[in-house]
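Enquirer: can't give you the sequence, but here's the structure:
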DNA sequence: TCGGCTATAGACCATGCGGTCTAGGGCTGA
DNA sequence: TCAGCCCTAGACCGCATGGTCTATAGCCGA
């Protein structure tokens, strides 16, 4: 089974990826496609064509440590994207739409097999470090929207709606294999968020 | 819910369920807590205190057939709930809030370990019958909202936003262990949906 | 040239998995 | 009373899993 790693997961498109980065990128793709429990160590090794020794050398904590690194990677990537967009003084609704648009491209490119962001990773073992990592990522993204919206009580509400419509829309779109559902829900949410 | 289903779907000593129903109820709870791949056959057997023979007698198709039955069960339950609410001529926003409220109660009662509806079951194996079952359930719920909203193009958009804000809000709330996020996003969505 | 270190390589292990199979309990109608 | 049949019961199987361990390749400074 060969896995095509999306370009967005490449740390530096110019230079070849190190072993560690390859493991993170490949496992992220797999986790986004099948969820934490749905991916086996050998799936990851097959995808990277690396031996087991390399994986446990770079991630002595095994599967969970690797998953946490993958979550941190995507969390940073999206966070940076949000920071960059907001730095252009865009309105929150526009940023949301921009993010959703990238998700749509991603969904289509992977033929709806992969879930952008971390929806599927939420199915992690109960009170684990992995759950915590996912939680932290969502908090960071929420905070970006919240501060950009003014930091008021109302801003918090709108930030919640933004992320909820995104994650929920992705879930709907993936099931229906049609990005329409994501676009519709996010567009409506953006409309509401931009109202003051 | 209208039917006598305990909070965890597990049978109570007072209302004895048949073996098949017990298996469906227990597995649904487990799947909602840990996702399809996160639940093992022995988890289900432990939860029901039933032997393996019973499970494979009632569900010769094994784990997947059981999961499909569980999805059908919750799909029917929610669908009936929606039909009943809409029959009272409630506005779509009010129905959405009502549904969200039940989800909040559920989340709290299970200490945020269980995901209401079928968010976590989306992490099912690719092009399987289980995925299809989840997809069908979502389509049915979407259709309920859509027809209640008038069946127009705009109604479709709003129905998407309704379900997306629900599923997304549940995901947010579960991670943050606070039902606030769900309430906020759904309230805002309901507000928008009720506009004409 | 060599010693030491990092990273690769993959054989190996115990465990738990989903699933099969046979035996028997217990209710049914005759 | 007993035959027939659902259903329960759980031993058993082959296999994939996550993880460990030893060996060694390749590099870099001395």
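Expert: The structure has been received and is ready for your questions. It should be emphasised that the depicted structure is a prediction, and the values quoted were computed from it without experimental measurement. Numbers count the residues shown, from 1 in each chain, chains lettered A, B, ... in the order given.

Enquirer: Could you pull out the helices in chain A for me?
Expert: Along chain A, the segments classed as helices by DSSP state H run A:19-34, A:41-48, A:52-58, A:62-87, A:92-109, A:129-148, A:153-176, A:180-194.

Enquirer: List of residues touching the shortest one?
Expert: The one in question is helix A:52-58. A:19-20, A:23, A:41, A:44-45, A:62, A:66 (Cβ atoms under 8 Å, 6 or more residues apart in numbering or on different chains). Using the backbone N, CA and C atoms, a C-beta is placed for each residue, glycine as well.

Enquirer: Can you say which of those residues are buried?
Expert: Buried by 16 or more other Cβ atoms under 10 Å in any protein chain shown: A:20, A:23, A:44-45, A:66, out of the contacts of helix A:52-58.

Enquirer: Identify the farthest-apart pair in these.
Expert: By the measure Cβ to Cβ, A:20 and A:45 form the most distant pair in those, at 14.1 Å.

Enquirer: close enough to count as contact, residue A:98 and residue A:85?
Expert: Yes: taking contacts as Cβ atoms under 8 Å, residue A:98 lies within contact range of residue A:85: 5.8 Å.

Enquirer: list residues touching both of these two?
Expert: Counting by Cβ under 8 Å, 6+ apart, residue A:98 and residue A:85 have no shared contacts at all.

Enquirer: follow-up on the earlier one: now the helices of chain A in JSON lines, with mean pLDDT and distance to residue B:167?
Expert: JSON lines is the format used below for these (pLDDT from 0 to 100; distance: least, Cβ to Cβ, whole Å):
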{"stretch": "helix A:19-34", "mean pLDDT": "95", "distance to residue B:167": "17"}
{"stretch": "helix A:41-48", "mean pLDDT": "97", "distance to residue B:167": "27"}
{"stretch": "helix A:52-58", "mean pLDDT": "97", "distance to residue B:167": "33"}
{"stretch": "helix A:62-87", "mean pLDDT": "97", "distance to residue B:167": "19"}
{"stretch": "helix A:92-109", "mean pLDDT": "96", "distance to residue B:167": "15"}
{"stretch": "helix A:129-148", "mean pLDDT": "94", "distance to residue B:167": "14"}
{"stretch": "helix A:153-176", "mean pLDDT": "92", "distance to residue B:167": "4"}
{"stretch": "helix A:180-194", "mean pLDDT": "91", "distance to residue B:167": "10"}
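
Enquirer: Identify, out of the ones you listed, the most deeply packed stretch.
Expert: Greatest average neighbour count among the helices of chain A goes to helix A:153-176 (a mean of 25), per mean count of other Cβ atoms under 10 Å in any protein chain shown.

Enquirer: Which positions in chain A make contact with DNA strand C?
Expert: Listed as neighbours of DNA strand C in chain A under the rule Cβ under 7 Å from any atom of the strand: A:19, A:50-54, A:56-58.

Enquirer: at 10 Å instead, please
Expert: A:18-20, A:22-23, A:37, A:41-42, A:45, A:48-58 (Cβ under 10 Å from any atom of the strand).

Enquirer: Which residue lies nearest the spatial centre of chain A?
Expert: residue A:117 (1.8 Å; Cα atoms, centre = their mean).

Enquirer: And it, how far from residue B:167?
Expert: 13 Å (Cβ to Cβ, to the nearest Å).

Enquirer: Overlap in contacts, the two.
Expert: Common neighbours of residue A:117 and residue B:167 (Cβ under 8 Å, 6+ apart) are residue A:167.

Enquirer: Pull the contacting residues for residue A:118.
Expert: A:32, A:71, A:74-75, A:134, A:137-138.

Enquirer: again, but for residue A:114
Expert: Contacts here follow Cβ under 8 Å, 6+ apart; on that basis residue A:114 touches A:6, A:29, A:32-33, A:106-107.

Enquirer: go with 6 Å
Expert: By Cβ atoms under 6 Å, 6 or more residues apart in numbering or on different chains, residue A:114 lies in contact with A:32-33.

Enquirer: Contact residues of chain A facing chain B?
Expert: Proximity of chain A to chain B is confined to A:35, A:37-38, A:120, A:122-123, A:135, A:138, A:157, A:160-161, A:164-165, A:167-169, A:171-172, A:175, A:181, A:184-185, A:188, A:192 under the rule Cβ under 6 Å from any Cβ of the partner chain.

Enquirer: and with 7 Å instead?
Expert: A:34-35, A:37-38, A:113, A:119-120, A:122-123, A:126, A:134-135, A:138, A:156-158, A:160-161, A:163-169, A:171-172, A:174-176, A:181, A:184-185, A:188-189, A:192 (Cβ under 7 Å from any Cβ of the partner chain).
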